[in-house]
Every structure is written in structure tokens, then in C-alpha cells.
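S.K.: could you work out the structure for the sequence below:
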Amino acid sequence: MGRPKGGAAETSKKPKAKPKQRGGVDFKKYKHKVGRKLPPPKNTTNTEIKSKMIVLPEQSMASERAGMAVNKRGLTLRELLQQTVHYNPKVRRAALNGIKDLVTKHPAELKLHKVAMIEKLQERICDSDKVVRESLYTILQSLIFPSLKEDNAISTRSTLSLLMANVLNGMTHLSMDIQLMAFRFLELVVLNFPSSFPRYAEQAFNNFVAVLSNDRIHLQDKSKLNSVLAGLGHCLSLVARATENDDASDRPVHNLSAKELWKPTLDEDNSGSSTFVTSDVLTKLQNLIQILVNSIEVSASEVCAKPANDAPSSEALLSALHCLDLIFRTFVREAKKPQMEFGRTKTLYGPDWLNSSVLVYLKKLWGVKRLFHEKGDDRFFIFNLKIAEIFLCLRTSVDDTLFSSEELCQFVSSLFSKAKVLRNKDLMETHLGPLITCIPGLISNAADDSKGYLLEAFTDAFRDSNVDCKLILPYLDAVGEMLLPVGAFLNISEYHSTWINELPGILLQSVDKAPTVTKVVLELLLRIGQYFPTLECENLRPIAQLFGTKSSSGTVELGPFICLPHDCQELAIACLYYFSNLLPDIIEPLACCCLSDKLEPLILFRIVEVLQSTYKAGNLQITEQLSFLSLLMARFDVNRGMACTLEDAQKISNWNTFKALNHLILTSLSEMGDGSLVLELIWNNLSNEIARKPSPHNINGLFRIIVTLDAATNKLMDEDVIKLIAGYLVDAARDLSKTIEVGFQSDKTRLFQYFIKPCRIMFEQNDKLLCSTLEMLKSFASGNDHIFSSVSNLDYPRELSQRVCIVTTILVFLCNDQRLHRNLSLNKIVIKGILHYIRHQMDSNVSDVTYGEKQTLKFAFEQLKTKALQLNCWDRSELEGLSSTT
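M.R.: The predicted structure is shown next:
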């Protein structure tokens, strides 16, 4: 075996250990090569992050909401409806607000799911949270009910039945706040769907009796009581309307007034109105009378005791009086019905019951009236107005042992006197109207010695009323009713003139301020004219200003008549027939209105017809009627020139109007008697109009008047008239003569025949007139172009060929009429003279005529010669030498 290593020799070669240093341990130092990466420290934390991509499937909720209608919180209608039944009221509030937001942004959701919304939301009517109930009320009022009205009646009825079940349930809730809110819901349903109320009337009135009998509602805030009374007022108005409609349906049609015949009906289905007012409903209303009267007494004492104005208490008192008035009106109408009806015995709610049961309540109201009468505030005046309205409603149904008719008249008269000094005019206009409508009935039943001061107070109030005041229409209705010559109204004739004298002023002021009043005043004036044909019209002369006024210079300024609606214009024209004494002042302004372009043709024709009827009735002088008709014929502006075809003329709006007016005027003149005498009377008017140099269209109308009355009159032989006829023919033929060489156009031919027709008739009846006219035409053709300047403002052609063509055209058309051949034959010398003149102008020795003009003259000569030969009055020797060859 070898020796082990590490012996003594080896031990001696080892280096000596260094001595330990004092004062601490020295760290071991490492020598690192440059560029070598350092190893991380042993105490270093590993910050390396490692990640992997995770792929998830599509979320189910996101896919379900894609394309769905959501609110701003991303919730659907279904989710919001589910949250409305949440136990937390804040969640329910947010859900209702979310529904409102969603439906506003997506209206289609409401149309599709309105029934489902009502089925779910109707549970919130009795919600314990006030904010939730208010939010539901807003949603129903602004969103659901307007959309529900668009559905048919059957679906609406079934939907509302669910809602009304919860409304009626809420009315009997233990919580007073929920009860009051339920009455607000009932009012909302009644306002939007009045036809649904009859099915729930008995239950609703039973609940009204219960809540108003509870003293707690009177001790709480008056605004809550006002809410209940407002709902009760709407329900009672439906009952009163139903009884009024039943009363109207029982009367014959001829006994209905005009206002009742035109009264609008309910838009809703009211098939249940026939069984609306049952015995049970009337029993509930009877119970309400006592409750309301007691409430009025208590509220009146409270209001009078408070020095300051308590608006809620005053409103509650006024609402109670309004409800009481509606109940009394219902019972009055029921008492007037036949007593043997289904659902009522012969004595129940009849006149005897009404007289005995209501009397005790009227005593209390009369005491309240005296309490208010001592106060001077405006609000107490309004309270007394409602009380007076109640008494006037019951005046014919109860005995007047409690208060005499004279005392009631004094009470009402004091109210009219107080109304004149009332500070709040808007309040007066709102509440005084119903009292005014009762005045005719009160006066008809009052004694003669007690109605005088009432009529005086009414007349003063009517005189002081403004046209733009809301009360002017009730005043006019009352005046119209009292002016009817029926029964006792004939005894108050001393006030007729005062009322009638106010009407012209009201009429003129209302045209600009209150157009609806204008029609009412015109209707009233028409009835006055019909019932009082001998009425003195001196104070009605301001009515003439409706048609126009005559200035100091003689010109007429048109009045507001031409701007009135069509129905008002018809009424104003009808009044002219009955107030014929005003026509001398109206006839000229009326004629100016007829000549205005703003007046419709139908109104123009109606004016002519009414004036003609007035003349036939002997209420219009013949001279005034003739002056009116001649003025229309001579000055009606057709707005077209002669150089126009008949088709173009008919396109102009007033061309056919003028022709229709022409026919109407001629028909009226032919109905006035002997034509020659009528022409004698109208001749000065025609001469004056001719002197004004009217247009050819108006001259045509004047000639037609002469032809209609007396075409053979010697008045036509006046030189100016002959010039007018010849100049008229020249002007009518100017356009047609331009085509003489190529042939007359058919449309222009028809137009010329229309213009020449009255002249042909005059020439047929008067050969001397024809001769004079031909001489005038010959003079015109020979170059005297100033011959017509005194009767016309038109410029006539100066060229020889044009003048010859015009005269040739006239003679050709005259020769075409077989009825004129005899008179034309008598005047063949004039025609021959015209031919000689034309031939002379074609002679080559005449240097002033050009070659083109000679060719035109040649064609005209041949045409006229051909037509002249057709007269069969010539000898061959007379035409020898008349040759067109030069």
C-alpha cells in the first residue's frame, strides 16, 4: 500500500493563516470581468409578469337588450314595471320616473303596451308613498290617457274598469291622504272619459258623502277639501248635463231654442245616460245637499271672521256653492219630468218634494247672503253671485213665501250695481255671466212694480260693458231674449230703444276687437228687423259706416264689410231688407263695396237680389235702384283688354262674374215694368256714365240695358251716342281685322260677335241709327281719326289700310246677319260710297298709298263688294265701274 498523502512534508508547504482583524467582519470581495452580466442578488423579488388570453362566450343579458327600448339607465319597460312593486319606495319612484323617460323617448312602447301598463300601475293608486302617487297621476294625465283616447270605446271601457276598481277602493282607504288622492284620480278619469262615469256614479257619490261627512277633512288643509269639491263639481256637471239632454230630448224640435239646437254633444259614447240619474243617485245627491249647506255655513263664518283674505277657504266656499247649484239644477229638471218613470215613484222627487225639502236649505242660504251683503270685499260679491244664481234656478219651483219676488229683484239689482265698481274685472267677467242669462226669466215672472229697478240696473250694466269683455255675449243673448214679442216682454218697450241704440256702436267696435260678437249683433239686428218692421231707424244710421263713409271731397272710403266673414256678410245684407230706411245713406257705399275686387261674387249677386226684393216690396225708390244697377254695369272692372280670345277671357276670374252680373242686372230691369218708361228714368244715369268714357266691356253692358228696355228709342239718335256706337264697333273690330287677309279666327270671331250683338239689335230696330253709324264709319275710313276723341280715350290707327280693314270687318259681320239686310239695303248709298273711296285709294295716281297697302285695300274691297252684292238691292248699273283693277 502506498503512503497516504498529506504527510509532514505536505504540511510544511501550507501558507500561514492571516490573523483576524479586529473591529468587525470584512465582506468578501469578488473580482468581475468587464462585460459579464451580474447575477441577481439573492434577496431580489421576481417582478416578471406572465399573462394568458382568456376567451369568454357572449353575455346573455347584452344580447337580449340589443335593439330594445330602454331608458337612460338601460332598463326596459318590463323591468321598470316589475320595480314598481318593490318594497322600497325610492325604487318605486325611480321606476315611475324611468317609465316616463322611456315612453317619452319611445312613444311606440306606449301604443303597444298601454293596457299592460295600466294593469300594473293601477296598483299604485293606493301606494303608501305620496311621491309615487303623484308620479302616477302625472303619467296618466300627460301620457297614458291622451293615448288611450285614440282607442275604440269598447277597449277603452274594459281598460278603465280595471283602473276604476282601484280608484273606488282608494276612496274607502283608511289613510285620509290616499282617500283624497283617489278623488283626484276620479276627477282625472271623469275629465278625460266622461262617458265612463255613469257606471260608477252611485259608488262615487256614496264615497263623496262619506268623505265630506268626515270632520277630519274640514280640519285639515283647505286645499285638500278643494280637491274633493273640484272632483265633485265635475261629476255633478255630468249629471246636470245628462238631465238637461233628457229634458231636451223629450221636447219637440220646434220648442228648442237656436242655442240648444246647435249645442255640441259629448264626443264619448253616452249610451248609459238614459239610466244615469237613478233613484239611488238622487238619494246620494239629497244627502250631499245637507252636507254642502252645513259646510257653506261653517266656511262663511270662518271667512267673515278672518280679517285677511284666506284664498283656500274662499275657494272651498265657492266650490261648495257651485256644487250646490248643480244639484239644485238637477232636481229642478227631474221635478219637471213626467212622474211615472221607471225607477221613481209618482211622488218621490217631484215638485212637492222639491218645495218642501229645499225650503229649509234656502233659509240658511238666505242668511248667508245677508252675512255676505254687509261686507264690501270683492270675494263676498262673488259668493252672493253664486247664491243669487241658486235662487234664480229655484224661483219657479218653490213658493216665494220665504222671499218675495220684489226682494229677489232688489238683491239682483244690487249685484249689478256692485259689479260697476268691482276692482277685479276678471273675476266679475268669470262669475257674472250665469246671472245675466237668468235675467229674462226673472223679469218674465216678476211683477210690474218690482221689475223696473232691475231693468234699469241691467240696462246701465249693458251700456257700460266693453265689446272685448267676456260678458258682452251673455248681455246680447239676454237682450235678444227680452226683445222677442212674446207674452210679458211687450210691457217693457220703454227699454227697447235703449238696448237697440247700443247695437250699432257694438257692431262697429266688434269688427276689429271681437269678430265673434259681430255675428251675434248682426243676428240680433236681423231679428229686430223681422219682429219690429215699423221700428224707428234714426238711431241705427251708424250702421251705414259698416259699408263705407263719404268724405268731404265726395270720395267713398270702404268700410269693414268687405273684410267680414261670409256668414256675417250674408247677415248684414239680409238686414238691409228690413232696415230699408237706411238705404239712402248706404246705397252708394254699398255700390263701392260691390265694385271691390275683395268681394266674393256670391255676395255681390246676393246684394243685387236683396235690393231688388226690397224694391219689389215697395221699400226702395225706383230711382235709387236704377242708379245702383247702372253704376254696377258701368264701373265694374273686367281687368282685360279687347285683344284677347274668348278662351283667354274666360280664364280671367271676373270675366264670368261680369257676365253673370250682367244677366242679373238685365233681369232686374226687365221686372220693373214698361221698358220705355224705365229707360226714360235711367237715361240720365246712362248718359252720365257714358260721359265718363267707360271701357268697351262696360259700354257693352250699357248697350245691353238699352236693348233690354227699348232698342228702338229715339234717344240713340244723339250725335254723341252715335259716335260712341261707331267708336265701340271700331275698337271691337281692331284685333279681328288684322287677320282679314288670311281669314277670321274662330275664337276671335266669337268674341267679336259677343261685343257686336247689342249693336245689331239696335240697328235692326232703328234704320236711321244704322245709317248714321255707317256715315260715321265712312268718315273714319276716309281719315278722320279724331272723330271719336270726345267719347273714348283709346288711340285709333292712323294707317289707311288698317282703318279700311276695320270698317270692312264691321260691314262684313253686319251683312252676315239676315235680319239686317233690309236696313242695310236702305243705306246702300253709304256702302257704295265706302266702296268708291276704297277703289279711289287703289288708283295708281294716289302716291301716298304703298304697294302693300294697295294689296290690302284690294282684298278688303273684294270682300266688302261680295258681301254687298248679297243684299240683293243693287242694279247692275249701280255697280258698273266699281272694279278693283287699276
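S.K.: okay, now P312: neighbour count?
M.R.: Using other CB atoms under 10 Å, P312 has 13 neighbouring residues. C-betas here are computed from N, CA, C, even on glycine.
S.K.: could you find the closest non-adjacent residue to it?
M.R.: K222 (3.4 Å; CB to CB, 6 or more residues apart in numbering).
S.K.: would you agree that neighbour is in contact with L318?
M.R.: No: with contact defined as CB atoms under 8 Å, K222 does not reach L318; the gap is 11.6 Å.
S.K.: how about the strands in the protein?
M.R.: Ranges of strands in the chain, per DSSP state E, are 548-550, 556-558.
S.K.: so which of those strands gets nearest K120?
M.R.: Across the strands of the chain, K120 has its closest neighbour in strand 556-558 (65.6 Å, CB to CB).
S.K.: and for the closest one, what are the contacting residues?
M.R.: Under the criterion CB atoms under 8 Å, 6 or more residues apart in numbering, residues 547-551, 588-589, 592-593, 596 lie in contact with strand 556-558.
S.K.: stretch 143-150 now?
M.R.: For stretch 143-150, the surrounding residues in contact (CB under 8 Å, 6+ apart) are 100, 103-104, 110-111, 114, 117-118, 156, 159-160, 188, 192-193.
S.K.: burial measure for I443, as a count.
M.R.: Applying other CB under 10 Å, we find 23 other residues in the vicinity of I443.
S.K.: can you list the low-confidence ranges for the stretch 451-600 of the chain?
M.R.: Scanning the stretch 451-600 of the chain for pLDDT under 70 picks out 485-493.
S.K.: go on, the stretch 601-750 of the chain?
M.R.: Applying pLDDT under 70 to the stretch 601-750 of the chain picks out residues 639-653, 738-747.
S.K.: could I get the strands of the chain as a markdown table with distance to Q82 and mean neighbour count?
M.R.: Converted to a markdown table, the strands of the chain look like this (distance: least, CB to CB, whole Å; neighbours: other CB atoms under 10 Å):
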| stretch | distance to Q82 | mean neighbour count |
| --- | --- | --- |
| strand 548-550 | 74 | 17 |
| strand 556-558 | 71 | 15 |
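S.K.: in the longest helix seen in the chain, which residues are buried?
M.R.: Looking across the chain with DSSP state H, the single longest helix is helix 222-250. Within helix 222-250, the residues scored as buried using 16 or more other CB atoms under 10 Å are 222, 224-243, 245-246, 248.
S.K.: ok so, going back, out of the contacts of stretch 143-150, which one has the weakest pLDDT?
M.R.: When those are compared by pLDDT, T156 scores lowest at 75.
S.K.: that one contacts F193, correct?
M.R.: Yes: shown here, T156 and F193 form a contact pair, counting by CB under 8 Å, at 6.7 Å.
S.K.: what sits against the residue nearest to P312?
M.R.: K222 makes contacts with 310, 312-313, 315-316, as judged by CB under 8 Å, 6+ apart.
S.K.: same thing but 7 Å
M.R.: Applying CB atoms under 7 Å, 6 or more residues apart in numbering, we find K222 in contact with 312-313, 316.
S.K.: from S319, how far off is it?
M.R.: Plainly put, K222 is 10 Å away from S319 if you go by CB to CB, to the nearest Å.
S.K.: and for L136?
M.R.: With CB to CB as the criterion, L136 and S319 are 25 Å apart.
S.K.: if we can go back for a sec, just send the strands of the chain back as CSV, with distance to F380 too.
M.R.: Putting the strands of the chain into CSV (distance: least, CB to CB, whole Å) gives the following:
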stretch, distance to F380
strand 548-550, 48
strand 556-558, 50
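S.K.: out of those, the one nearest Q83 is which?
M.R.: Nearest of these to Q83, taken as CB to CB: strand 556-558 at 69.4 Å.
S.K.: before we move on, back to that, wait, which of the contacts of stretch 143-150 is closest to K369?
M.R.: Distance to K369 across the contacts of stretch 143-150 (CB to CB) is lowest for L188, with 34.2 Å.
S.K.: thinking A514 is in contact with V467, fair?
M.R.: Yes: between A514 and V467 there is a contact under CB atoms under 7 Å: 5.3 Å.
S.K.: now stretch 70-81: average pLDDT?
M.R.: Across stretch 70-81, pLDDT averages out at 85.
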